[in-house]
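Colleague: this one's sequence-less:
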């Protein structure tokens, strides 16, 4: 990656993890790793975010919260599951109220393994997430063009009426 | 007085790295009542003891919480060692003490950063976390992990730290002390921090005792409660230990106690290195835990954690129970929030150093 086309903002949420990964996510933002120099900002508001960094294997009480945050992030969005328990349930797989993996709750684009995931691998995950974000953006752009074409077609009768009115004059 | 309104706080909130929810009942800007609701990180780890072998469970115990992970591994191992009457080598005790104090340094610096962030003091947050990376380097060098240590096991520790390496670590910690001085100076002498924290969220000695709070939260109200004083495990008894106390009981006192504990931890590590006994680091563990009960305690960075184990002569334990410091501090937190300003809520919540994943397990 030679340069970043977009400075993504991310929202971070602890979906029932042991918070080992959460402090590593925060460590990415602080001086040693300092992803803020690329314009990557940890925002508290899901509606400002492009990337959803989520840790943990989701328990039943946390499920609606995770879903709510996911739904609030505007399209295109990328979900990055940080840590082994977000990927597969990890050590909490056999617990009675854990869903076992973030992909059971919301669609996940990038998986970052590790218990706890190291800041280097989290940053790597975010970089991979950026290319996914770009693809999603392109995919979204097609319907927009189609919509424009539709709008132009809808406009046509009006144009015709205008033209006939002009002709009447 | 205006009509009361309910403002939800959390579970997803910028100052909280972990989910906890409060319903704050407000009259104008004053909080009249705070109703906590927890359970967002409950994983049911105590029940998992029925599915994992008693030696294997140490790694689950370490993942009760990612911040105080070593302490939980130690507490669980200590309980099993007590249950099975295993005496562990002295060198292992000293190594455990060193790692536990290193994890306290990392936890307190992490908290100091988050606390500064809750105040809106962003640069101080960054400085605290920058300093913390030195500690994480030491952890990585000695254990291989950054936040999960995985060095404690039933019967001792998995890795030794050579004496030469220990001396180097002490040198690095001496350099770190100067950095901590800089941060502590801002925390203790900065006017804005005084203005935000002094006289906010005050808990008196009697309230602290009545509500049963633990750790630095209790010590900031003058309660000399620190399990390291009478600890049979670890090196505390031999090295001598006096807890850090403050009497004001407000947010500033809690900040002060934790910052002074940083220096104390540095001294304990130094003492351990100087008096490090030679010998084995682990003893072999044979057989299964007997059908008996045992309970023990460990002074975690956030306060006293109680571990209860019950064996049944099989590979799996019958019951494991863990009472964590944040759990004990929530009643006093609710008391602190009553009557405070809405804008002070993040500060007050952060000064008990909440660790939700410990609390809910």
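Modeller: In hand now; what should we look at? On a predicted model such as this, the values are computed, not experimentally measured, just so you know.

Colleague: could you use CA atoms for every contact and neighbour count after this?
Modeller: Will do.

Colleague: and the contacts of the worst-scoring helix or strand of chain B on mean pLDDT?
Modeller: In chain B, no helix or strand scores lower on mean pLDDT, DSSP states H and E than helix B:236-239, which sits at a mean of 76. Applying Cα atoms under 8 Å, 6 or more residues apart in numbering or on different chains, the set of residues contacting helix B:236-239 from outside is B:97, B:228-231, B:268, B:271-272.

Colleague: out of these, which are buried?
Modeller: The neighbour-count test (16 or more other Cα atoms under 10 Å in any protein chain shown) marks B:97, B:228, B:231, B:268, B:271-272 as buried among the contacts of helix B:236-239.

Colleague: and the least confident of these?
Modeller: Least confident by pLDDT among the buried ones among the contacts of helix B:236-239: that is residue B:231, with 68.

Colleague: helix or strand right after the lengthiest helix in chain B?
Modeller: For chain B, the longest helix by residue count, based on DSSP state H, is helix B:90-119. Per DSSP states H and E, helix B:90-119 leads on to helix B:122-143 as the next helix or strand towards the C-terminus.

Colleague: what's that following helix packed up against?
Modeller: helix B:90-119, helix B:163-189 (3 or more Cα pairs under 8 Å, 6 or more residues apart in numbering or on different chains; DSSP states H and E).

Colleague: please redo it, this time with the cut-off set to 10 Å
Modeller: Of the remaining helices and strands, those touching helix B:122-143 by 3 or more Cα pairs under 10 Å, 6 or more residues apart in numbering or on different chains; DSSP states H and E are helix A:20-29, helix B:90-119, helix B:163-189.

Colleague: so what are the sheet partners of the helix or strand just after it and their directions?
Modeller: Beyond helix B:122-143 in the direction of the C-terminus, DSSP H and E gives the next helix or strand as strand B:152-153. If you go by DSSP bridges, strand B:152-153 pairs up with strand B:156-157 (antiparallel).

Colleague: what mean pLDDT does the partner strand get?
Modeller: On average, the pLDDT along strand B:156-157 is 87.

Colleague: what sits up against it?
Modeller: B:74, B:77-78, B:81, B:86-93, B:95-96, B:150-151, B:280-285 (Cα atoms under 10 Å, 6 or more residues apart in numbering or on different chains).

Colleague: filter those residues down to the buried ones, ChimeraX style.
Modeller: To isolate the buried members of those in ChimeraX, using 16+ other Cα under 10 Å:
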select /B:74,77,78,81,86,88,89,90,91,92,93,95,96,150,151,281,282
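
Colleague: contacting chain A as well, which ones from the contacts of strand B:156-157?
Modeller: Near chain A, judged by Cα under 10 Å from any Cα of the partner chain, there are no entries from the contacts of strand B:156-157.

Colleague: quick check, the residue in the stretch 251-361 of chain B closest to chain A?
Modeller: residue B:357 (5.6 Å; Cα to the nearest Cα).

Colleague: distance between the strand or helix carrying that residue and the chain's centre?
Modeller: Using DSSP H and E, the element containing residue B:357 is helix B:356-360. Centroid separation for helix B:356-360 versus its chain: 11 Å, with Cα atoms, centre = their mean, to the nearest Å.

Colleague: residues touching the most centrally placed residue in chain A, list them.
Modeller: Taking Cα atoms, centre = their mean as the criterion, residue A:78 is the residue nearest the geometric centre of chain A, at 2.5 Å. Listed by Cα under 10 Å, 6+ apart, the contact set of residue A:78 reads A:10, A:49-53, A:70, A:107-110, A:126, A:128-134, A:136.

Colleague: could you do residue B:345 as well?
Modeller: B:9, B:24, B:31, B:34, B:118, B:200-201, B:336-338.

Colleague: from these, which is closest to residue B:165?
Modeller: residue B:118 (37.0 Å; Cα to Cα).

Colleague: what about that closest one, how many neighbours?
Modeller: 22 (other Cα atoms under 10 Å in any protein chain shown).

Colleague: gap between it and chain A?
Modeller: Note on residue B:118: its distance to chain A, by Cα to the nearest Cα, to the nearest Å, is 13 Å.
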